[in-house]
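**Student:** Sharing a model that was predicted from the sequence below.
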Amino acid sequence: MNSTQKTRLSIYTDGSSRGNPGPGGYGAILIYGDKKLEISDGFKCTTNNRMELMAVIEALKKLKRINMEIDLYTDSKYVCDSINKGWLQSWIKKGFKDKKNVDLWREYLEISKHQHIKFHWVKGHNGHPLNERCDELATVAADNNPSKIDYGFERGN
């Protein structure tokens, strides 16, 4: 790599909920050059969409630098389309009226504002090794009797 090329960070994410709502978890894998980090956590009661979005947020929270070029891979149409199709910008203009997961979308907006993120949708449960690993991380977190409370879900955000 020459000095003008930048290493792009790749992030893979997945969320899971048993019952929807029910016990849930997220998993994410961050890959930068030859470095790889896996993260996951579970919550007592939440939804699948919340866990999909939380996976993105928690992965971005791990970054120590700003202005990074990021390729983010998710099997969540909800997350990917909200960004790529401009739904999120429309929700912002309307003050998130009648939208769910407002707390997480606001957190995403704050944590992502100094990054350059390109979202990519990948078909879930289709044999993609990193997506499958994220699914495993998320489902293990959801199935491992999580005790953490998703306060945003509990408050009806």
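**Tutor:** Thanks, I have the structure now.
**Student:** ok, and for the least confident helix or strand in the chain by mean pLDDT, which residues are buried?
**Tutor:** Least confident helix or strand, the chain: helix 151-154 with a mean of 95, by mean pLDDT, DSSP states H and E. Burial within helix 151-154, assessed by neighbour count using 16 or more other CB atoms under 10 Å, is assigned to 152-153. C-beta: built from backbone N, CA, C; applies to glycine.
**Student:** what does that helix contact?
**Tutor:** If you take CB atoms under 8 Å, 6 or more residues apart in numbering as the criterion, helix 151-154 is touched by 21, 43, 45-47, 50, 101, 103-104.
**Student:** Include pLDDT and distance to residue 124 when you put those residues into CSV, please.
**Tutor:** Below are these laid out as CSV (pLDDT from 0 to 100; distance: CB to CB, whole Å):
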residue, pLDDT, distance to residue 124
21, 96, 20
43, 98, 20
45, 97, 22
46, 98, 18
47, 97, 16
50, 98, 17
101, 97, 19
103, 98, 25
104, 98, 20
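**Student:** any idea which of the residues you listed is closest to residue 57?
**Tutor:** Nearest to residue 57 among the contacts of helix 151-154 is residue 104, at 6.4 Å by CB to CB.
**Student:** Please report phi then psi for the nearest residue to that closest one once chain neighbours are set aside.
**Tutor:** Among residues not flanking residue 104 along the chain, residue 53 sits closest, at 4.7 Å (CB to CB, 6 or more residues apart in numbering). When read as degrees, to the nearest 10, the backbone of residue 53 gives phi -70, psi -40.
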